[in-house]
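> Generate coordinates for the sequence data below:
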Amino acid sequence: MMQSTIGRGAAAFVAALGLSLALAGPGLAADNPMVGGAAMYATKNIIENAVNSKDHTTLVAAVKAAGLVETLSGNGPFMVFAPTNEAFAKLPNGTVETLLKPENKEKLVKILTSHVVGKAVMSSAIGKMVSDEGGAHPVKTLSGAMLIAKMKDGKLTLTDENGGTATVTIADVRQSNGVIHVIDGVLLPK
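Just a heads-up that it's a prediction; the model follows:
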């Protein structure tokens, strides 16, 4: 059942990621921001939008390979920290190709679900939690991994369990089933 919807779902997921980029851009319509060269629609789910973003083709391929298209097309709510193609390119050579192999599906699922939270939280609310908690707020992901949210130079950052960091480059891309925050790094669980 998941396999039959992977293609449609992955395309939507990429498009949704693009919405985040569009919302952050000056002069763009807030209702349908442009991300990765595509309009992102708040009336569509994460997958229905994401597949159209040229900046998230690697993420979409990974979501398909992990069999998560149906999940991320579901009701949610979901908050997705969506790494760009450039973020995946920062990983050691061959990492992405290795993770996309069927025998590594379990590891890929754990990595991808370490970018997803079962709540839709806007960046201003996360920033307030960071402030209220003395500069750092723990964020539990669907994989069980913990991220630490902080503010640095007015931008939201996330630190994974290995000390790796990513910055939110486009925040608050609304989806019918949640929100996407585009990030410039891949977050890895222990």
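
> Can you tell me the closest non-neighbouring residue to Thr98?
Asn104 (6.1 Å; C-beta to C-beta, 6 or more residues apart in numbering). For every residue, glycine as well, the C-beta is placed using N, CA and C.

> what does Val96 give?
Counting by C-beta to C-beta, 6+ apart, the residue nearest Val96 is Phe88, at 5.4 Å.

> Look up how far Ser176 lies from that neighbour.
According to C-beta to C-beta, to the nearest Å, Phe88 and Ser176 sit 26 Å apart.

> What pLDDT does the model give Met1?
As predicted, Met1 sits at a pLDDT of 37.

> again but with Tyr41, I slipped
83.

> Would you check how far apart Arg174 and Ala149 are?
Counting by C-beta to C-beta, the gap from Arg174 to Ala149 is 19 Å.

> Name the helix or strand for the residue nearest to Val96, please.
helix 85-89 (DSSP states H and E).

> In that helix, which residues are buried?
The neighbour-count check on helix 85-89 (16 or more other C-beta atoms under 10 Å) flags Asn85, Ala87, Phe88 as buried.

> now stretch 33-52
33-36, 38-42, 44-52.

> what do you get for stretch 138-156?
Val139, Thr141, Leu142, Ser143, Ala145, Leu147, Ile148, Ala149, Lys150, Met151, Leu156.

> From these, pick the one nearest Thr71.
Nearest to Thr71 among these, counting by C-beta to C-beta, is Leu142 at 8.9 Å.

> Next, the contact list for that closest one, please.
Thr113, Ser114, Val116, Val117, Gly118 (C-beta atoms under 8 Å, 6 or more residues apart in numbering).

> Kindly report the same for Asp160.
Ser114, Ala145, Leu147, Ala166, Leu187, Leu188, Pro189.

> what does Lys152 give?
By C-beta under 8 Å, 6+ apart, the neighbours of Lys152 are Thr167.

> quick one on the thing from earlier: tell me which helix or strand comes right after the helix holding Phe88.
helix 95-99.

> on contacts alone, who are the packing partners of that next one?
In terms of contacts (3 or more C-beta pairs under 8 Å, 6 or more residues apart in numbering; DSSP states H and E), helix 95-99 is packed against helix 57-66, helix 105-113.

> ok, and what's touching it?
With C-beta under 8 Å, 6+ apart, helix 95-99 has contacts from Thr58, Ala62, Ala65, Phe88, Asn104, Lys107, Leu108, Ile111.

> Quick check: the residue with the largest distance to the centre of the chain vs Leu188, distance?
Distance from the centre of the chain peaks at Gly134, with 25.5 Å (C-alpha atoms, centre = their mean). Distance, Gly134 to Leu188, using C-beta to C-beta: 25 Å.
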